[in-house]
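Novice: Based on what follows, work out the 3D shape:
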Amino acid sequence: MTATGGMHTDKGMGSTPMRAFEHLPVERPLAMPAQDFSAKPRDLPHRPFNVDLWARRILVVLLALLPASMAAHEMRRSIGLDGISAWEGVYLALFIPLFAWIAFGFATSLIGFLLLTMGKGQGARPYRARSATPLRGRTAVLLPVCNEDFQGVLGRLSIMERSLAQVMGGERFEFFILSDSNAGNGEIERAAYVKMRKGFSRPVHYRRRALNIGRKPGNIAEWVERFGGAYDYMIVLDADSVMSGQTMARLASDMERHPHVGLIQTVPSIVGASTFFARWQQFASRLFGPISAAGMIWWAGSEGMFWGHNAILRTKAFAQSCGLPELPGRAPFGGHIMSHDMVEAALLRRRGWDVHIVMADDSFEEFPPSLPDLATRDRRWCQGNIQHVPLLTKIRGMHPVSRFQLFVGASAYCTSPLWLALMLVVLGGAVAGVWPPSAILPSGGLLALTAVLLFGPKLLALLWALADPARRIGFGGGVRMMRGVIADIALSILMAPVSMLTQTINLFGILMGRKSSWNGQTRDRDGMAMLPAIWLFKWHILLGAGLTLLAVKSHTSLGWIMPVVAGLVLAPLLAAFTARKDLGTKAAHSGLFQVAEPWWRTQNYQKTRYRQLQLDNAKPPFDGLSNAANDS
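Specialist: Below you'll find the model as predicted:
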């Protein structure tokens, strides 16, 4: 074990001296060469063509194309009887892809609902502990941090390392805190780590880089090149992640039992919500997420995705496959690859490694506490996903499903400007006299179909939860759960146009070369002042007013545009209202957006554990953690 420190200058942060600090084991280097995207890998293992898996994918596509084709035919019949004009052609070119997008989401959720209700599908079942088998390999648990609340990081880490102490094979796991924090936060981290490290029950290493090259993927790559040779697997977490020892051991056991698997991604549940906004999103994720995830797991198969955290990777496979080159040119398409996770999953599959997704009970993450904080995170994701567009043709040998997933991730951020353009075309055409105000609007049947595709997954998830008494109790009972779904639908209708314009502004800003900043995420907030909220959403208010004027000038019925206008104009109020913790507390007391808390939240284990470490720098007594984990 070594502990070193040194003074360096981080060129990425001006001339501020950056002192590196390390408390690490002996290095075991592992080569991680940058991949040549222009050359297809050779000597790959032969894998037989999976007819069943491809049949599933074709079925999902057909289920999505069927309602999209019906909608296209209906609109073609209503506006194209005398031929299609340029305006009408633009309208159809916007309408059909948007309809196909929501139809694809509905098809995935429908399949997931059928799988969960009928108990079919191996990957859709909850990921629970198997009979104990000794673990042979060593696993490193990596926690990359960047200007985070380090007390919270240590608290969550302590939950996991004490949970591992109650699991057979837990001694095969070691923790690494990999910091990219600035000099000031780095000194706080160093002092806290030195004070606390002797209280942990297993090795917990810490390293803060002086030069933050390549952001998070560069942080992990540096660890692989220095220490990867000593560990068979690595579990990558985020600073807000928590995973039980049982789930970690199960992941490592499955990697040992399946040597062709390179990555297993868990589907994390949202936890720790305190503001009204976060409680709402936590409820929606817990209730609606499983059926969508089950459907995606069913058609993805061994070509799953990587979300950058709460996953286990085979270290040698990752080093062999996932060295990321710096892309030529300027941002957003050049430089370091930002949304590295999806690309890394594609590169693993490109080398013949399987990538799977599983639904785990004890894998958790937190959610941004407010709408503006979500938008900030979403902008980084937008820039990263748009960067994938040129990679669709640059990376040779990529699996077709991986290519499709990168395309879907990038196109998700194009639906917002398409939706905005569609509304402007409808109202602009009516103002210009191209069509009567009512001629271009969907028929009653088409509106009903659209509502089914948009809100059907929520209702299917509600039916799935109501059918299971234990799950129903976890959401506070059937009545409270239905209240939550009704509130979610109302809030989602208001939030949708806000996200539409925010994503559109972000997308065009990124295409104009405005890069996203790389700072620690805001994980705690209590309220938002109204004046800053109005200024932040000024363009939303102006767009709402503009759409209203266009609708009045074109003599179009205001009924269909009012939900959009209401969401845009009320955006500051929505952001300020939902960012409050007191309203989150009132919602909790009233049973609105109720979810079952995990064992370490209900016992307040995180704060208790951290306080004990502070007081006596020793291991706390066993407190029934293993039994609580079994019951969660």
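Novice: hey, let's count contacts and neighbours off CA atoms from now on
Specialist: OK.
Novice: quick one, helices of the stretch 251-400 of the chain?
Specialist: Secondary structure of the stretch 251-400 of the chain by DSSP state H, counting those that start in this stretch: the helices cover 276-300, 315-321, 340-350, 371-386, 388-394, 400-411.
Novice: could you dump the ones you listed to JSON lines with mean neighbour count, distance to Leu542 and mean pLDDT?
Specialist: Formatted as JSON lines, the helices of the stretch 251-400 of the chain follow (neighbours: other Cα atoms under 10 Å; distance: least, Cα to Cα, whole Å; pLDDT from 0 to 100):
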{"stretch": "helix 276-300", "mean neighbour count": "23", "distance to Leu542": "24", "mean pLDDT": "95"}
{"stretch": "helix 315-321", "mean neighbour count": "21", "distance to Leu542": "48", "mean pLDDT": "96"}
{"stretch": "helix 340-350", "mean neighbour count": "24", "distance to Leu542": "36", "mean pLDDT": "95"}
{"stretch": "helix 371-386", "mean neighbour count": "21", "distance to Leu542": "18", "mean pLDDT": "90"}
{"stretch": "helix 388-394", "mean neighbour count": "16", "distance to Leu542": "31", "mean pLDDT": "90"}
{"stretch": "helix 400-411", "mean neighbour count": "18", "distance to Leu542": "26", "mean pLDDT": "93"}
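Novice: what's the closest of those helices to Pro532?
Specialist: Among the helices of the stretch 251-400 of the chain, the nearest to Pro532 by Cα to Cα is helix 371-386 (11.0 Å).
Novice: Could you list the residues in contact with the closest one?
Specialist: If you take Cα atoms under 8 Å, 6 or more residues apart in numbering as the criterion, helix 371-386 is touched by 277, 332-333, 337-340, 368, 406, 409-410, 413, 499, 502-503, 506-507, 510, 515-517, 521-522, 575, 578-579.
Novice: Just want the angle from it to helix 400-411.
Specialist: Relative orientation of helix 371-386 versus helix 400-411 (axes from the mean of the first three to the mean of the last three Cα atoms, to 10 degrees): 140 degrees.
Novice: how about the residue lying closest to Gly456 once chain neighbours are set aside, what does it touch?
Specialist: Nearest non-adjacent residue to Gly456, counting by Cα to Cα, 6 or more residues apart in numbering: Phe106, 7.1 Å away. By Cα under 8 Å, 6+ apart, the contact set of Phe106 is 64, 453-454, 456-457.
Novice: Name the nearest residue to Leu135, sequence neighbours excluded.
Specialist: The nearest residue in space to Leu135 (Cα to Cα, 6+ apart) is Gly169, at 5.5 Å.
Novice: how close does the one you found get to Arg138?
Specialist: 9 Å (Cα to Cα, to the nearest Å).
Novice: Comparing those two, which shows the higher neighbour count?
Specialist: Neighbour totals were compared for Gly169 and Arg138, and Gly169 leads with 21 against 17 (other Cα atoms under 10 Å).
Novice: For that one, which residues are in contact?
Specialist: Each residue near Gly169 by Cα under 8 Å, 6+ apart is listed here: 134-135, 249.
Novice: Check those residues for burial and list the buried ones.
Specialist: For the contacts of Gly169, a burial check counting by 16 or more other Cα atoms under 10 Å picks out 135, 249.
Novice: Please flag which of the contacts of Gly169 sit within helices.
Specialist: Residues of those located in helices (DSSP state H): Ala249.
Novice: for the stretch 101-250 of the chain, which spans come out with low pLDDT?
Specialist: Along the stretch 101-250 of the chain, the parts satisfying pLDDT under 70 run over 120-132.
Novice: For Trp419, give me its contacts.
Specialist: Contact analysis of Trp419 by Cα under 8 Å, 6+ apart lists 94, 98, 500.
Novice: Surely Pro417 forms part of a strand?
Specialist: No. Counting by DSSP: H, G, I helix; E, B strand; the rest coil, Pro417 falls outside a strand, being helix.
Novice: Counting neighbours, what do you get for it?
Specialist: Look at Pro417: counted by other Cα under 10 Å, it has 19 neighbours.
Novice: wait, isn't Phe104 in contact with Val61?
Specialist: Yes. When contacts are counted by Cα atoms under 8 Å, Phe104 is listed as touching Val61 (7.0 Å).
Novice: wait, what's in contact with Thr415?
Specialist: By Cα under 8 Å, 6+ apart, the neighbours of Thr415 are Leu98.
Novice: Please determine how far the residue nearest to Ala34 when sequence neighbours are not counted is located from Leu347.
Specialist: Nearest non-adjacent residue to Ala34, counting by Cα to Cα, 6+ apart: Gly323, 4.1 Å away. Distance, Gly323 to Leu347, by Cα to Cα: 9 Å.
Novice: What is the three-state secondary structure of Gln521?
Specialist: Secondary structure state of Gln521, per three-state DSSP, is coil.
Novice: can you tell me how far it sits from Asn212?
Specialist: As for Gln521, its distance to Asn212 is 17 Å (criterion: Cα to Cα).
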